[in-house]
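> Kindly return the folded structure for what I paste below:
(one chain, ligands or ions: 1)
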Amino acid sequence: MKFDTPATTNPIDRLKVIGRPTDRIDGPLKTTGTAPYAYERHDAVPNPAYGYIVGSAIAKGRITAIDVRPAEAAPGVLAIVTAENAGTLGKGDYNTAKLLGGPEIDHYHQAIAVVVAETFEQARAAAQLVRVDYVRTEGAFDLAAARDSAIIPKPGIGGPPDTAVGDFDTAFAAAPVRLDETYTTPDQGHAMMEPHASIAAWNGDKLTLWTSNQMIDWSTGDVAKTLGIPKENVRLVSPFIGGGFGGKLWVRADAVLAAVGARAARRPVKVTLPRPLMFNNTTHRPATIQRIRIGAARDGRITAIGHESWSGDLPGGGPELAANQTRLLYAGADRMTTTRLAVLDLPEGNAMRAPGEAPGMMALEIAIDEMAEKLGLDPVEFRIINDTQVDPEKPERPFSQRHLVECLRTGADRFGWNRRNPQPGQIRDGRWLVGMGVAAAFRNNLVMKSGARVRLDHRGDVTVETDMTDIGTGSYTIIAQTAAEMMGVPLDKVVVRLGDSTFPVSCGSGGQFGASNSTSGVYAACVKLREAVAQRLGFNSAEAVFADGRVRAGNRSALLAQAAGEGGLVAEDAIEYGDLDKTHQQSTFGAHFVEAAVDAATGEIRVRRMLSVCAAGRILNPKAARSQVIGAMTMGVGAALMEELAVDKRHGFFVNHDLAGYEVPVHADIPHQDMIFLDEADPYSSPMKAKGVAELGICGVAAAVANAVTNATGVRVRDYPITLDKLLDRLPQVA
Ligand code: MOS
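The predicted model follows:
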């Protein structure tokens, strides 16, 4: 089905199942520990061997000798695979560095061997016996030092690296009120609960991988490319995923080394990345340096806005698109953005929840707060003054929907923003200095082709199959809701099967594009199934109404099960998009409000209250979507106050590479969290009229926390995370 004209009224609009706060249908499996995760597929593979990965001990250089003989002689060892005996391995489209390194080393903890043994403990013990000699070469590990030699990256999904409208320099110089500040965000790790894990089993030249992966089709292709075998010989199975946040968009070493380990050992092999290996072996969100310049008239109208971003990646990698939201978020006639890429030898940078906007909004939304302060304007009002209903770089392009102002006003009202003292450092509560902060939320909506197959059986049950994944987001449930709404059956008459490369190719989970696109693919398949049902019953399909397990047309009526007959009916289709995302800018909007308390003596920061208001098209399942946003808000607090992969700039690795050293907050750290969805349906986005929401929820949160800390203390911190050492000697002297 081609979606190239705005959606009109369709069966989803009945909202009998869609739009209802619905419990997750996979909830009981998850909460009873019976959802089979990749490493636990004892049902599928009864007697696997265990692979343990050896990571490089240097960041850049070369292996001069690798001696596996002591490890081979260790108890239980079945095989050891290194680059020397792995055969030719290629590289997938979505990896920058090789997943099995050697003799050249591209980054610290790059996999250089997998030891396969009868038990996990034997494999781990033998892995310690692999002797490796290296010769190190100089590497570049310091973004700030590499900033001046950064290159202009190739245009990618985010468009060109640079944009310019009007004459920024002249307008900025002429502006009566100006801000020119630089902000930094650190490297961050996904720190999802379930580590990367895979079980590989060969049947002749055919490989099955039970793995934990967000993008089944990309990754099936990348496994095939890496192993040099046809894609049709690879099957990926990934029905349950314990979090991804972008870290599982790609195939990683666990999958590839399970496959080569299984080939060498002639046994199914399971491999997980131990937590201390994950942070340097896999991808991370790259650190950024962001210079923001804003010029405004005294009435608060922005006349010039410029955002320059620098980030690093391995040779051949890509930049963090941290300036991109500044192309779209606020008005201003003269504007510029630039994106630069420093070539570094740190582990591979790539997508982490809301890549681009998440770190970009961390900087931009402090800058906006600082500018409001300079202008003597309330930061909510300053944002409202600079709202735009058209793409500020291409004024002929309207936003499909844009309710940023309503988000800000609703949030201000519900949060009690009028109780905020604009003068910082004035509110005391015992030893605590208390303040409030606000930030806008912004994230684009992406359209992606997505397919599904729908089957109706003689009992009237509906089965949906698609390679879509559920990374903890609620895909199972919203897909079941979609099929139930379309076919006019209750939710318990729908079975959803996900995450298998033998199913139709979906959009997958990433970039908050999963919900709208995957359900639209199910919608398209259900439209075909409805036609097949009507045809079999001899009903006019345009007239047919599907409700209560029946089909009605005119004065005729039949059970859905009756139409299916003994053999059932099957339909398959995909949603494909025209250019509605080009004629109209599709984005999601929100506003974050935070109350923070800072210990006047120690600088300890506590987030006391948070409220987010989101405008993101139709909300398919308000319960699941709310959980996504609350989780994103919590993750945003981590970005504000805790998360930083500390770089060892001499040896080139992330020092705090475990969950003891890489701290993240949990819901219990924040006493009051709430969120509100504005009532929207966006006819330009998809037949579902939905957009994404899970990444919107993190964008801007950290800046709202930062702005609350400034309102509490009068101290402005521009380098994340805002740890107490950055406040301590600048706190107001208190009696
Ligand atoms: Mo998201 S970072 O695209 O999984």
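> In the protein, what residue comes closest to the ligand?
Gly246 (2.4 Å; C-beta to the nearest ligand atom). (Each C-beta comes from the backbone N, C-alpha and C, glycine too.)
> got a list of what the residue nearest to that residue when sequence neighbours are not counted touches?
Closest residue in space to Gly246, ignoring its immediate chain neighbours: Ala351 at 3.8 Å, by C-beta to C-beta, 6 or more residues apart in numbering. Contact analysis of Ala351 by C-beta atoms under 8 Å, 6 or more residues apart in numbering lists Gly246, Leu249, Thr283, Arg285, Gly510, Gly511.
> confidence score at the fourth one?
Looking back up the chat, that one is Arg285. At Arg285, the model reports a pLDDT of 98.
> Counting neighbours, what do you get for it?
Arg285 has 28 neighbours, counted by other C-beta atoms under 10 Å.
> my guess is it meets Pro355, correct?
Yes: using C-beta atoms under 8 Å, Arg285 is in contact with Pro355, at 6.9 Å.
> Spit out the residues that contact these two alike.
Counting by C-beta under 8 Å, 6+ apart, the contacts common to Arg285 and Pro355 are Gly246, Glu320.
> which element is Val135 on?
Element membership of Val135, judged by DSSP states H and E, is strand 131-136.
> Please read off the pLDDT at the closest residue to Pro379 other than its chain neighbours from the model.
Distances taken as C-beta to C-beta, 6+ apart place Ala372 nearest to Pro379, at 4.1 Å, with adjacent residues excluded. We have a pLDDT of 98 for Ala372.
> Next: Ile157.
pLDDT, Ile157: 82.
> Spit out the contact partners of the closest residue to Gly332 other than its chain neighbours.
Leaving aside its sequence neighbours, Gly332 sits nearest to Ile302 (C-beta to C-beta, 6+ apart; 4.0 Å). Going by C-beta under 8 Å, 6+ apart, Ile302 touches Ile294, Gly295, Ala296, Tyr330, Ala331, Gly332, Met371, Asn386.
> Now Ile302. Its backbone dihedrals?
Dihedral pair for Ile302: phi -70, psi 130, per degrees, to the nearest 10.
> Ser311 bridge partners, please.
Beta-bridge partners of Ser311, counted by DSSP bridges, are Thr288, Leu341.
> measure it to Leu344 for me?
The spacing between Ser311 and Leu344, counted by C-beta to C-beta, to the nearest Å, is 9 Å.
> now swap in Gly472 and tell me
Following C-beta to C-beta, the distance that separates Gly472 from Leu344 is 31 Å.
> These two: which is more packed in?
Counted by other C-beta under 10 Å, Gly472 and Leu344 do not tie: Leu344 has more neighbours, with 27 against 24.
> Spell out which parts of the stretch 351-500 of the chain neighbour the ligand.
Residues of the stretch 351-500 of the chain found near the ligand (C-beta under 6 Å from any ligand atom) are Ala351, Met352, Arg353, Pro355.
> Columns pLDDT and secondary structure on top of the residues you listed, output as CSV?
Output for those, formatted as CSV (pLDDT from 0 to 100; DSSP: H, G, I helix; E, B strand; the rest coil):
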residue, pLDDT, secondary structure
Ala351, 98, coil
Met352, 98, coil
Arg353, 98, coil
Pro355, 98, coil
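> and which of the residues you listed is nearest Val54?
Comparing these against Val54 with C-beta to C-beta places Met352 closest, at 25.8 Å.
> OK, contacts around the residue lying closest to that closest one once chain neighbours are set aside?
Spatially, and ignoring its direct neighbours in sequence, Met352 is nearest to Arg285 (3.6 Å; C-beta to C-beta, 6+ apart). Neighbouring residues of Arg285 by C-beta under 8 Å, 6+ apart: 187-190, 246, 320, 349-352, 355, 358-359.
> gap between Arg285 and Thr182?
19 Å.
> circling back to that earlier point, and the residue nearest to Gly332, what are its bridge partners?
In this entry, Ile302 is beta-bridged to Ala296, by DSSP bridges.
> per-residue confidence for it?
Per-residue pLDDT puts Ile302 at 98.
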